[in-house]
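[1] build the 3D model from these lines:
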Amino acid sequence: MSNNKQIRVRIAPSPTGLFHIGTARTALFNYLFAKKNKGKFILRIEDTDKERSEKKYEKDIIDNLKWLGLQWDEEYRQSQRIDIYQKYLKQILDSGQAFWCKHTKEELDEEKKKQMTNKEAPRHICNGKGSSPKGIIRFRCPDKKIKFNDLIKGELEFDGGLLGDISIAKDEQTPLYNFAVSVDDSEMKMSHIIRGEDHISNTPKQILILEALGLKHPQYAHLPLTLGTDKTKLSKRHGTVSVSRYKKEGYLPEALINFMVFLGWHPGSEKEIFSLKELKKEFLLKKINKSNAIFNIDKLNWYNGHYIRKMDLDKLTKLCMPYLPKNNNFEYTKKAVSLEQERLKKLSEIGDLTKFFFLDKLEYEPELLIWNPPASAMPKALRAGKMTSKQVKNNLEILQGKLSKMTKFDQKTLRRVLMPLAKEYGVGELLWPLRVALSGQKASPGPFEIMEVLGKEKTLKRIKEAINNEIQNI
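    Purely as a prediction, here's the structure:
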């Protein structure tokens, strides 16, 4: 390839299912390579499979590419290019390098069975080549070596004689994958094909088809696969695999971009956080690893938590709203969200973590009000044993009396007023029942933070309910 040839790469998903995280990673690498080299990033929807292709999946692809910030420069649909494929199918049929194959599925299955029994590479060698339109169209792979330099894997070589006569079209209006892809990559002037290494076996077939049509093939770069932690190909059993699902669960596009780029690529430094803008400058194909990448959900959670902590609180609150009960008090919601911003890993967690702020009445086991730390957590001299229900009631009534007289209800003032009492009655004995009465949860932010968000009226109401309703049942 000459240095002055424009870089043109593509992502070519089929709208037969939800946009997969592996396809999204391939799209990201193509996008970054194009932007790094001032080239073009093309979206090609491969929708020639009429039975399985659906518009809802096409919309899912487009929406999620936009959400990730991977904007394409040109857009194509294979279903709108049938006349182009017809022209090339006629050319390859007329040349004699393609022909009509009349073999039935049963005959092909029997042939494959025999080859596997004899430990031969499964392939079809057609002995009934026809010239009339019947059966499917096959391409006669020449018996020669196919060599190409993979920009990631290095020099690769295949034996064309082992490929057999490959199917390239159901009929003159319905091209199959390898033929349509070959024609499109040439017609669209693709300079590089960057895709997963599971496509390596298709590459020699596509090179031979292009050569038969008198067309040049692009350069190829096959990305290492993304595997689950058990070293098998990423699938639903490893958890979420579609981008739309990650979006629904409350992952941020910045986190997914940062996470995906490290699935096979390394910047050559210890830096782990990159913006999309920075990646456009940093990305180089030569920095892609040859070994497979391992999908680690904990690392994705770490990235997502990082971006949540750095986010403007107003923006974070707006993003959290779909996961919270409907309410019109944005400022109140913002205060609740602010308490969890530091430990939030994904937006969908906000509902469970802050739900007590939005309930009219809490429901919890009364025994939860009793502070009963494990003995190992306290010095022997301070072990006082389990609290009684009488102690819980007494301590909450003391707090109720103190809080009802307060006019300022911010954390600083609440802490200043209540901490002397906590030292007198015991920090755990006083503040544990208070926190549970306010949240109804075993784990939550501290009582001072909760009270500031709830305000005086709701705080006193919850303490009263704990005294009147819950303690009676201990």
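
[2] residue 456 touches residue 408, doesn't it?
    No: under the criterion of CB atoms under 8 Å, residue 456 makes no contact with residue 408, lying 9.4 Å away. All C-beta atoms are positioned from the backbone trio N, CA, C, and that covers glycine.

[3] neighbour-wise, which of those two wins?
    Neighbours were counted for residue 456 and for residue 408 using other CB atoms under 10 Å; residue 456 has more, 16 against 10.

[4] shouldn't that one be within a helix?
    Yes: assessed by DSSP: H, G, I helix; E, B strand; the rest coil, residue 456 belongs to a helix.

[5] what's the separation between it and residue 264?
    55 Å (CB to CB, to the nearest Å).

[6] likewise residue 197?
    For residue 197, the distance to residue 264 - CB to CB - is 10 Å.

[7] what's the overlap in contacts for the two?
    With contacts taken as CB atoms under 8 Å, 6 or more residues apart in numbering, residue 197 and residue 264 have 223-224 as neighbours in common.

[8] neighbour count: these two, which is higher?
    residue 264 (23 against 17).

[9] contacting residues around the spatially closest residue to that one that is not a sequence neighbour?
    Excluding the flanking residues, the one nearest residue 264 by CB to CB, 6 or more residues apart in numbering is residue 293, at 4.4 Å. Neighbouring residues of residue 293 by CB under 8 Å, 6+ apart: 224-227, 262-264.

[10] please apply the same query to residue 338.
    residue 313.

[11] got it, and residue 7?
    Contacts of residue 7 (CB under 8 Å, 6+ apart): 33-34, 37-40, 191-192.

[12] quick one: name whatever helix or strand follows the helix or strand containing residue 331.
    If you go by DSSP states H and E, residue 331 is part of helix 330-340. Next helix or strand after helix 330-340 toward the C-terminus (DSSP H and E): helix 350-354.

[13] the one helix or strand residue 298 maps to to helix 330-340, inter-axis angle?
    In this structure, residue 298 sits in helix 297-310 according to DSSP H and E. Inter-element angle recorded for helix 297-310 and helix 330-340: 130 degrees (by axes from the mean of the first three to the mean of the last three CA atoms, to 10 degrees).

[14] let me see the mean pLDDT of helix 297-310.
    When pLDDT is averaged along helix 297-310, the result is 97.

[15] mind listing what's buried along that helix?
    299-301, 303-308 (16 or more other CB atoms under 10 Å).

[16] now for it, which elements pack on it?
    helix 253-261 (3 or more CB pairs under 8 Å, 6 or more residues apart in numbering; DSSP states H and E).

[17] re earlier: angle of the helix holding residue 298 against helix 253-261?
    150 degrees.

[18] run through who's touching helix 297-310.
    By CB under 8 Å, 6+ apart, the list of residues contacting helix 297-310 reads 239, 250-252, 254-256, 258-259, 262, 273, 316, 341-347.

[19] pull out the CA atoms of it and give them to me as PDB.
    Provided in PDB are the C-alpha atoms of helix 297-310 (Å, rounded to 0.1, in the frame of the first residue of the first chain):
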ATOM      1  CA  ILE A 297     -16.100  -7.500  34.900                       C
ATOM      2  CA  ASP A 298     -14.400  -6.300  38.100                       C
ATOM      3  CA  LYS A 299     -12.100  -4.100  35.900                       C
ATOM      4  CA  LEU A 300     -15.100  -2.700  34.100                       C
ATOM      5  CA  ASN A 301     -16.700  -1.900  37.400                       C
ATOM      6  CA  TRP A 302     -13.500  -0.100  38.500                       C
ATOM      7  CA  TYR A 303     -13.500   2.000  35.400                       C
ATOM      8  CA  ASN A 304     -17.200   2.800  35.800                       C
ATOM      9  CA  GLY A 305     -16.800   3.700  39.400                       C
ATOM     10  CA  HIS A 306     -13.900   6.000  38.500                       C
ATOM     11  CA  TYR A 307     -16.000   8.000  36.000                       C
ATOM     12  CA  ILE A 308     -19.000   8.200  38.400                       C
ATOM     13  CA  ARG A 309     -16.800   9.700  41.100                       C
ATOM     14  CA  LYS A 310     -15.400  12.300  38.600                       C
END
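
[20] all good on my end, thank you.
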